[in-house]
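Colleague: Have a look at this fold, sequence not included:
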Ligand SMILES: Nc1ncnc2c1ncn2[C@@H]1O[C@H](COP(=O)(O)OP(=O)(O)OP(=O)(O)O)[C@@H](O)[C@H]1O
Ligand SMILES: Nc1ncnc2c1ncn2[C@@H]1O[C@H](COP(=O)(O)OP(=O)(O)OP(=O)(O)O)[C@@H](O)[C@H]1O
Ligand SMILES: [Mg+2]
Ligand SMILES: [Mg+2]
């Protein structure tokens, strides 16, 4: 496939082109040049590559949104501030009891005072004050996502029965991330739509150019009694190949690009790549299924170029005697 | 310009095309079609648009790097932890004195205890403890960038003379940001290079396609005594127009895109756009000078297509009898 | 089988090329069409093979009124007509064999079905050794013979030949005329536009002459 | 001014089209070139107008040895040669006027400088009313006359005409022959390939005949 593509683009690389060779082989009624010419093949490949990048980005975004919505709401935090006159450890026990009583909880993890102090160290410095300080304590609660508990009820009971307790559902964080991702998603879909429309426009132009530059052939075919369908099949065959070729190569290069960015993101020391990685929260790696999803690109490209070309051809032929 | 472009692409929009009209006007020895055909014009426009986006991104990145390197090293922070037995307010006065003594300081801002508490609130909750807590205090020091002070000397004196004082130069942050931006910069330059190479390749292919599809014209011109240069001028004229047209339209649409993203970033409620905005740290707005820089694109596009076409043509003609 | 009634033709805003042309061709007849250069011979033939519509008048082919025939009906009629174009109109990228086989291929026949016939015909027109050559490597006369072969390969009911011997020597002209006469004996109606006075003398057939847009017939 | 010595030509791996062809054309002479279709007349002319190199042998034009002439010297020689191609080779997108003016335009002349001459010439070949027509709207004979006009417009030292009367009626043929004879009187060497026996009888000139790759000259 690739070799054929390169061969078509740069025949010089593959030894001399023997013109006399074509004498025996040629059997296509519409010649290649001017229909699925090199420039057009390159354009198609570029469009498919761009589509591939956009689709890949969309996949990552969608997955990230999934992760955020599920992971963050899959974990809530109970904070217990030491209120003067209360025993923090006792309040913790009470809180754990209340949480355990609720259904839909899979795990409860009480952070030790040292863990809590480690969180504060960057702010307060590691000094003796921290040791003396009455630090708020955290309880991490993991929720069964299939069967989530009634969080507002838990929050109410905690507020009533445990001194200094608040329930943090991280909802604010999550909302903001999901909103940001939603914007990205919208941009991604717009880019995909833009690419499709541009591709359709290009194919229409190319079909008309092909019909124009082959108008003498079309005329001769008509005059020897060819039906419109016969002519259309001769022309659209090139666009079928064009879409398939451009789509496959574009998607392939796109997939390679993704893998490369991936490796850069996991291996590289660059802060940026790590940031991206962080945004995608760990599940950045493209799965086989995702790569298969990219195969949609050649399929859609082929369909678009075939259908668009067919419609354009039939419209042109309808106007000819 | 734009109307002409649209007219060329979609003549139907502008009324019937009268074939008899061309009878009088035609005077170009090489016909338009097949040289600067529609598809090729679109491709050139796309390439220039992409180049424009890449160049614009590079401008923003370079500016951001400038800002970060200057802004962050233009400000250092002195932190004074309350050590048992010391009077924080007194230590602050001592620290301010030391800092003021150094040359190259333009401003000193001592954060109040309340400011410091506000910073800690998310971690400790707003309760009475915070009021009682001995919180570390911060002094923001603005540095004269033209004439920076000897920071390490200040740090040393602070360490010796002020209890619980540390100097934070933000260097770690800055390094990381600059490294991230450097990666982006590299990507930007690679994209620009890639676009140029692709454009050159496309022009070479297009020139050869044009020479091939017009080979009968070229042959007749040779046979009536035309010199290579005469023929080359006929062909390359189309590529001149192609580069100019594609470049101008691409750069124009690119500039409009930038302005649009800009407005989205400043007006929009989206968290993402605000993030981008934050990264570019306030000086995101494209200045007139930057827009003028985008004019490089059509210039370079024209040069590339003209020179590439000329070389390709002369090479082909050299091989013809 | 072909009937023209008061047919007029003009290109664009120009003068009338054909004026009130009326005639009829009977099945199996043989006709020459003569007239000075630019008289409208090719135009008349173009009306007959449906690549042009008359400005006015009535044309009927095989009993069909051309004015009311839908576009989809054209291919079937065209398959009953063979044409030798004055400028040959061979397809540049196809070999002689493929060019000649084109009308059969368009009808959906497969290569094995027509291969023998096509090669036989090519040998008849003396192109047996140029079967796999591309048109641009053929001499003028060879191209003309390939064009003739393509016109007759589909065994048309009517053969329109526009100056079919302009590029061949007198001996070959005579031979090609014999091919046409042979086809005519087999029932094909023949209308042949020519400047070649030598040919006109060799075969006794009715003559149409175009002059100043008017058609006259002798006898 | 033209000398061929033992020139041989073959296309690719094929048989020799020309074998040991030797002749000489004197300035101001007039020659017919005949031979059956496919004999190699066009090939011989192509050697003369430098669109083909011989497989072997020696060709000299205007005193230049063609084998040693650099590529950059070709245009100057070609400007002294006028050619009427068998297939016309008019440029589709240029009008008759522009096609005929092409050799002058290529020489760097400006439109006002040649306009009158070109129009006069077009009137001479009876194309005065088709000046702004595109080639595809010309009749076969009109195209041929445009091709002739283009060949002679540059007042070449030698005129090569390949079947220049294959598409025109006998009266026009005679007229075109008169144009060639007129040019010849003005000093132009003329070599005209033709099948038209009528023409051969009308002008008394030396005849070359190609047959089986051999060239014979009478007288
Ligand atoms: N498409 C066209 N548009 C305008 N005028 C045309 C067109 N085709 C032909 N003509 C004109 O119509 C006239 C008749 O042309 P036609 O080709 O029918 O002549 P013809 O008899 O075949 O001549 P010839 O013997 O030279 O081939 C000519 O003057 C020609 O210029
Ligand atoms: N480019 C080519 N490649 C291969 N063979 C060729 C090429 N050009 C011509 N020939 C062959 O060489 C032979 C001579 O061709 P040429 O055109 O010189 O003949 P001609 O005398 O002009 O014939 P005509 O009178 O039919 O025009 C023919 O058999 C032809 O098929
Ligand atoms: Mg004609
Ligand atoms: Mg010839």
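Modeller: Yep, that arrived. Just so you know, these numbers come straight off a predicted model, no measurement behind them. Ligands and ions are numbered 1, 2, ... in the order given.
Colleague: tell me which element the residue most central in space within chain C is part of?
Modeller: Among the residues of chain C, the one closest to the centroid is residue C:160, at 2.3 Å (C-alpha atoms, centre = their mean). Element membership for residue C:160 (DSSP states H and E) is strand C:158-162.
Colleague: The closest residue to chain D within the stretch 201-321 of chain A - nearest residue in space that isn't next to it in sequence?
Modeller: Nearest residue of the stretch 201-321 of chain A to chain D (C-beta to the nearest C-beta) works out as residue A:216 at 9.5 Å. All C-beta spots, glycine's among them, are computed from the backbone N, C-alpha and C. Spatial nearest neighbour of residue A:216, chain neighbours left out: residue C:89 (7.1 Å); criterion: C-beta to C-beta, 6 or more residues apart in numbering or on different chains.
Colleague: Would you mind giving both backbone torsions of that neighbour?
Modeller: Main-chain dihedrals, residue C:89, degrees, to the nearest 10: phi 50, psi 50.
Colleague: show me what contacts it?
Modeller: Listed by C-beta atoms under 8 Å, 6 or more residues apart in numbering or on different chains, the contact partners of residue C:89 are A:216, A:219, A:220, A:223, C:147.
Colleague: List of residues touching the lowest-mean-pLDDT helix or strand in chain C?
Modeller: In chain C, the helix or strand scored least confidently by mean pLDDT, DSSP states H and E is helix C:197-202, which has a mean of 88. Helix C:197-202 has contacts (C-beta under 8 Å, 6+ apart) with C:32, C:34, C:165, C:170, C:173, C:174, C:177, C:194, C:207, D:170, D:197, D:198.
Colleague: Need the three-state assignment for residue C:183.
Modeller: Of the three states, residue C:183 takes helix under DSSP: H, G, I helix; E, B strand; the rest coil.
Colleague: before we move on, what about residue C:7?
Modeller: Look at residue C:7: counting by three-state DSSP, its state is strand.
Colleague: give me the number of residues near it?
Modeller: 21 (other C-beta atoms under 10 Å in any protein chain shown).
Colleague: That one and chain A, how far apart?
Modeller: Using C-beta to the nearest C-beta, to the nearest Å, one gets 16 Å for the distance from residue C:7 to chain A.
Colleague: Stretch C:121-129 and chain A, any residue contact?
Modeller: No. Between stretch C:121-129 and chain A, judged by C-beta under 8 Å from any C-beta of the partner chain, nothing touches; the nearest distance is 13.4 Å.
Colleague: what residue ranges in chain C score low on pLDDT?
Modeller: Scanning chain C for pLDDT under 70 picks out no residues.
Colleague: any residues touching stretch C:63-72, and which ones?
Modeller: A:227, A:318, A:321, C:1, C:50, C:53, C:58, C:59, C:60, C:73, C:77.
Colleague: Now do the host helix or strand of residue A:196 against helix B:171-213, angle only.
Modeller: Using DSSP H and E, residue A:196 sits within helix A:171-213. Helix A:171-213 and helix B:171-213 are oriented at 10 degrees to each other (axes from the mean of the first three to the mean of the last three C-alpha atoms, to 10 degrees).
Colleague: returning to that earlier point: ok, and for the least confident helix or strand of chain C, which residues are buried?
Modeller: By neighbour count on 16 or more other C-beta atoms under 10 Å in any protein chain shown, the buried set for helix C:197-202 is C:198, C:199.
Colleague: Outside of the helix or strand that it is followed by itself, list whatever touches it.
Modeller: Per DSSP H and E, the first helix or strand lying C-terminal to helix C:197-202 is strand C:206-211. Under the contact criterion C-beta under 8 Å, 6+ apart, strand C:206-211 has outside partners C:18, C:23, C:29-36, C:39-41, C:44, C:191, C:200, C:215-219.
Colleague: Swap in 7 Å and give it another go.
Modeller: C:23, C:31-36, C:39-41, C:44, C:215-219 (C-beta atoms under 7 Å, 6 or more residues apart in numbering or on different chains).
Colleague: Neighbouring strands of that strand in the sheet, and parallel or not?
Modeller: Using DSSP bridges, the strands paired with strand C:206-211 in its sheet are strand C:30-34 (parallel), strand C:214-218 (antiparallel).
Colleague: And the nearest residue to residue C:52 once chain neighbours are set aside, how far from chain D?
Modeller: Excluding the flanking residues, the one nearest residue C:52 by C-beta to C-beta, 6+ apart is residue C:46, at 4.2 Å. Going from residue C:46 to chain D by C-beta to the nearest C-beta gives 11 Å.
Colleague: Tell me the secondary structure at residue C:46.
Modeller: helix.
Colleague: isn't it right up against residue C:59?
Modeller: No. Counting by C-beta atoms under 7 Å, residue C:46 does not reach residue C:59; the two are 11.5 Å apart.
Colleague: tell me which of the contacts of strand C:206-211 is nearest to chain D?
Modeller: Of all the contacts of strand C:206-211, residue C:36 has the smallest distance to chain D: 4.9 Å, by C-beta to the nearest C-beta.
Colleague: Next, count neighbours for that closest one.
Modeller: Look at residue C:36: counted by other C-beta under 10 Å, it has 20 neighbours.
Colleague: coming back round to it: top of the contacts of helix C:197-202 by neighbour count?
Modeller: Among the contacts of helix C:197-202, residue C:165 has the most neighbours (other C-beta under 10 Å), with 28 neighbours.
Colleague: how about the helices in the chain?
Modeller: No chain in the question, so chain A it is. With helices called from DSSP state H, chain A shows them at A:2-9, A:19-25, A:38-67, A:73, A:88-101, A:113-124, A:128-132, A:151-161, A:171-213, A:215-223, A:228-267, A:271-279, A:288-294, A:296-318.
Colleague: Chain C was what I was after
Modeller: Along chain C, the segments classed as helices by DSSP H run C:41-48, C:74-78, C:96-106, C:111-124, C:140-152, C:170-185, C:197-202.
Colleague: I'd like those helices laid out as CSV, including distance to residue B:40.
Modeller: Output for the helices of chain C, formatted as CSV (distance: least, C-beta to C-beta, whole Å):
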stretch, distance to residue B:40
helix C:41-48, 35
helix C:74-78, 35
helix C:96-106, 31
helix C:111-124, 37
helix C:140-152, 33
helix C:170-185, 46
helix C:197-202, 50
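Colleague: got the residues of chain C near ligand 3?
Modeller: With C-beta under 5 Å from the ion as the criterion, chain C meets ligand 3 at residues C:42, C:86.
Colleague: Next to chain B in this structure, residues from chain C, please.
Modeller: Residues of chain C found near chain B (C-beta under 7 Å from any C-beta of the partner chain) are residue C:12.
Colleague: gap between the closest residue to ligand 2 within chain C and residue C:168?
Modeller: Chain C approaches ligand 2 most closely through residue C:141 (2.6 Å), counting by C-beta to the nearest ligand atom. Distance, residue C:141 to residue C:168, by C-beta to C-beta, to the nearest Å: 4 Å.
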